[in-house]
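> sharing a sequence plus its predicted fold:
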Amino acid sequence: MKRIAIVTTHPIQYQAHWFRAMATHPGIDLDVFFCHRATPQQQADAGFGVAFDWDIPLLDGYPYRWLNNVARDPSLNRFGGLDTPEIRDIIRNSRYDAVINCGWHRKSYWQSILACLRTGTPVMVRSDSHLHTERSALKSAVKFAGYNAFIPRMNACLAVGKWAREYFRHFGARDDRIFLVPHTIDEKRFGAEVAHLAPCRQQLRADWKLPQDSVVFLWVAKFISKKRPLDFLRALRLASAKNSGVHGLMVGDGPLRAESEIWASDHHAPVTFAGFLNQSEIIKAYVAADVLVLPSDGGETWGLVVNEAMACGLPCIVSDKVGCGPDLVDRQTGAVFRLGDTEQLASLMSDFAVDRSVLRKRGEAASQKLKEYSTEVAVNGVLQAVAAVMENRR
C-alpha cells in the first residue's frame, strides 16, 4: 500500500468524495490534514453572501486530522491566515510515500512543502491555475521567476486539466512529472438524485414559477465580479428579444445580487432568482433547467458547476476564459463564447432554444464526456504519480 498524506485548507464539498474514494482504495493508506475550521460566517465572507454550513457529510469515510492553526488572524483568504507549524513534525516523523499539497498559496502549504524537501519525502502539488487569467506584465515576470524556482523541484505536479498542464510546463515542470488528477464531483450522489428528481421536473419548474414551455438557462455561482452575473442578464434579455421561449434561473447569493435584481427589473429580463441553494438542494435547479451558462472571467480556474450540470445531462455554454472549457465543452457538449461578448452569448442562447431534441443530444454527449473526468480517473492519476515518483527514486 502507498502511504499518502493530503494537506488542504478546510473541508470542501468538491473534495470529500475524492478523499473517500482514495481511502477505500486497496492500494492507498490515506491521511488528510485540514488547516482550518471554516465558520458559517467565513463561508459568507468568501463570497457566498449567506452564513451556512454544508448540508452533506464532508468528513465521513476517510481518516482526517485538524491541524492547529496558530495564525494571529485565522483566514482562508490570506497567505498568513493558515499557519500550522506542527505539519513539519508530522512529516518528519512519518514515512509517507508522497505528500500532496492542494496548492501553494498559503503558509501551511509551504510549511508542508519545505518539510518534505528537508526530509526527502516525495512532494506533490495539485493545481487548477492557468495562464489565461489576466495579469500585469510585472506580476507575470515576478511569478515566472518565483514559480520557475520551485515547481521544477516538485516530484510530481497534479494537473486538473489541459490548461493546468500547460501552466506547470510554463513554469518548468517536466512532462514526465505532470499527471492528470481532474476536478470531479460525487457522480454517484448526483446520478441517484437526478433519477429521483427527474419525474418531478414540472413541479420543480412550477415551484420557481418557470414557464413550462420555456428553455431555461441556468446560472449557478456566487454573485461576485469574476462570475459576471450582469453578462448573463444582458445576454438573456437580448436572447429573449429574439426568442420569447427563453427564461433564466440564477442560483446563488453575494455582493452583486441586489444590483443584478435591480438591473433585471429595470430591463424586464425574464429571470428568476432562486437565492443560495445548499448541496442537498442544488440538483433541483439542474433538473429544472435546460442549459448551464458560465460567463466567468479568467479567475474561474475550472468551474465545477459545469461538471455538476453535465452529470445532470445539461449542455453548457462557457466563456473562453473558463478553465474547464478545453476539457469539457465543445460543439457536441455545448459552446464557447468570447469573454464579455454578450451579443455572441445571446445568439448562442437563442440558437440553443430552437430545438429541444438537439439540446437532449448535447446533454447526453455532456454526460458521456464527464466520464473522462471521473473520481476514478482522479484516484488513478494519484496512483500513477506515486508509482512514477517511487520508480524515479529507485
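Here it is on my side, so go on. Numbers count the residues shown, from 1 in each chain.

> got the contact list for residue 392?
Shown in contact with residue 392 (CB atoms under 8 Å, 6 or more residues apart in numbering): residue 155. The way it works is simple: take the backbone N, C-alpha and C, and place the C-beta from them, glycine included.

> part of a strand, is it?
No: per DSSP: H, G, I helix; E, B strand; the rest coil, residue 392 lies outside any strand segment and is helix.

> with just CA atoms, put stretch 378-392 into CSV.
Extracted in CSV, the C-alpha atoms of stretch 378-392 (Å, rounded to 0.1, in the frame of the first residue of the first chain):
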residue,chain,number,x,y,z
ALA,A,378,-8.6,11.2,-10.3
VAL,A,379,-7.6,8.3,-7.9
ASN,A,380,-5.8,6.5,-10.7
GLY,A,381,-3.9,9.7,-11.5
VAL,A,382,-2.6,9.9,-7.9
LEU,A,383,-1.5,6.3,-8.0
GLN,A,384,0.3,6.8,-11.3
ALA,A,385,2.1,9.8,-9.9
VAL,A,386,3.2,8.0,-6.8
ALA,A,387,4.3,4.9,-8.7
ALA,A,388,6.4,7.1,-11.1
VAL,A,389,8.0,9.0,-8.2
MET,A,390,8.9,5.8,-6.4
GLU,A,391,10.4,4.4,-9.6
ASN,A,392,12.4,7.6,-10.3
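
> list the buried residues in that stretch.
For stretch 378-392, the neighbour count (16 or more other CB atoms under 10 Å) marks 378-379, 381-383, 385-386, 388-389 as buried.

> most widely separated two among those?
By the measure CB to CB, 378 and 389 form the most distant pair in the buried residues of stretch 378-392, at 17.0 Å.

> backbone dihedrals for the closest residue to residue 352 other than its chain neighbours, please?
Leaving aside its sequence neighbours, residue 352 sits nearest to residue 291 (CB to CB, 6 or more residues apart in numbering; 5.5 Å). When quoted as degrees, to the nearest 10, the phi and psi of residue 291 stand at phi -150, psi 140.

> what sits up against the worst-scoring helix or strand of the chain on mean pLDDT?
Sorting the helices and strands of the chain by mean pLDDT, DSSP states H and E puts helix 40-43 at the bottom, at a mean of 72. Helix 40-43 is contacted from outside by 50-53, 75-76, using CB under 8 Å, 6+ apart.

> which ones are touching residue 316?
Residues counted as contacts of residue 316 (CB under 8 Å, 6+ apart) are 291-294, 306, 309-310, 328-329, 333-334, 366.

> how about a cut-off of 7 Å?
With contact set as CB atoms under 7 Å, 6 or more residues apart in numbering, residue 316 has these partners: 292, 294, 306, 309-310, 329, 333-334, 366.

> residue 270 now?
Residue 270 touches 236, 240, 246-248, counting by CB under 7 Å, 6+ apart.

> could these go into a markdown table alongside neighbour count, distance to residue 37 and pLDDT?
Output for those, formatted as a markdown table (neighbours: other CB atoms under 10 Å; distance: CB to CB, whole Å; pLDDT from 0 to 100):
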| residue | neighbour count | distance to residue 37 | pLDDT |
| --- | --- | --- | --- |
| 236 | 26 | 39 | 98 |
| 240 | 23 | 44 | 96 |
| 246 | 28 | 43 | 97 |
| 247 | 25 | 40 | 97 |
| 248 | 26 | 36 | 98 |
